[in-house]
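Visitor: I'll drop the sequence and a predicted model, then ask my questions.
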Amino acid sequence: MPHRLEEEIYRQLRTCLARGCYPPGTKLTLLQVSADFGVSSTVTGPVVRQLVNEGLLERRTKSATVPPPAAAAEPVVGPCPHTPPEITAIAERRLCQRLASRVYRPRDIVDPRGLADEFSVPVSCVTEAVARLLRDGELEHGPQGTVRVPRPPAPLLAGWAR
């Protein structure tokens, strides 16, 4: 990759993939990656091709997907470098509002991709917000790599009437 902008986007996207900003199975189009990084698809095209060649993305028709964890890069701790903190804060605040207003019931699955579309933010922002809420115990890991609302302690269950 001869251009410095391509090299910078490559480095940032590679770091994002290693940190899990895009969950396994996430479909990435050039337009989405371009929007996430605020650059043209002319820049992201060679970057995505390079990451496919390295095995960090899997090639699909008109897109690429993040491979399962076994094939993904070694995880790195920390926020995604291209995720604007203020956008992540908005996603986290909206998700917290939903949890507080009991839009989700205990054991409901939380879908980061669906929330990203609904909140009009990159998936990486919602994924980072979900990671913080997991760490704080507001969400929990569910079956098959899902994220769900935890069950409240037994005395609080009465308040969660359906």
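Guide: Good, I have the coordinates. Numbers count the residues shown, from 1 in each chain.
Visitor: Show me the shaky parts of this structure.
Guide: Scanning the chain for pLDDT under 70 picks out the ranges 1-2, 68-84, 144-145, 152-162.
Visitor: For it, which segments are assigned as strands?
Guide: Assigned by DSSP state E, the strands in the chain fall at 27-28, 58-60, 63-65, 109-110, 140-141, 147-148.
Visitor: all helices of this structure, in order?
Guide: Under the criterion DSSP state H, helices of the chain are mapped to 4-19, 30-37, 41-53, 85-100, 112-119, 123-135.
Visitor: tell me the angle the fifth one makes with helix 85-100.
Guide: Using axes from the mean of the first three to the mean of the last three CA atoms, to 10 degrees, the interaxial angle of helix 112-119 with respect to helix 85-100 works out to 100 degrees.
Visitor: and helix 112-119, what other elements does it pack with?
Guide: If you count contacts as 3 or more CB pairs under 8 Å, 6 or more residues apart in numbering; DSSP states H and E, helix 112-119 packs onto helix 85-100, helix 123-135. (Each C-beta comes from the backbone N, C-alpha and C, glycine too.)
Visitor: go on, the second one?
Guide: Under the contact definition 3+ CB pairs under 8 Å, 6+ apart, helix 30-37 sits against helix 4-19, helix 41-53.
Visitor: Please report how far the nearest residue to residue 107 once chain neighbours are set aside lies from residue 109.
Guide: Spatially, and ignoring its direct neighbours in sequence, residue 107 is nearest to residue 148 (5.6 Å; CB to CB, 6 or more residues apart in numbering). Distance, residue 148 to residue 109, using CB to CB, to the nearest Å: 5 Å.
Visitor: Please enumerate the shared neighbours of these two.
Guide: Here residue 148 and residue 109 have residue 142 as joint contacts, going by CB atoms under 8 Å, 6 or more residues apart in numbering.
Visitor: Settle it for me: which of these two has more neighbours?
Guide: residue 148 (17 against 13; other CB atoms under 10 Å).
Visitor: Of the helices of the chain, flag the one that's most buried.
Guide: helix 123-135 (a mean of 22; mean count of other CB atoms under 10 Å).
Visitor: the inter-axis angle of it versus helix 85-100?
Guide: 50 degrees.
Visitor: helices or strands up against helix 123-135?
Guide: helix 85-100, helix 112-119.
Visitor: what's residue 133 in contact with, if anything?
Guide: So residue 133 contacts 92, 95, 96, 99, 139 (CB under 8 Å, 6+ apart).
Visitor: same question but for residue 130, I mixed them up
Guide: Contacts of residue 130 by CB under 8 Å, 6+ apart are 95, 110, 112, 139, 147.
Visitor: Nothing else from me, thank you.
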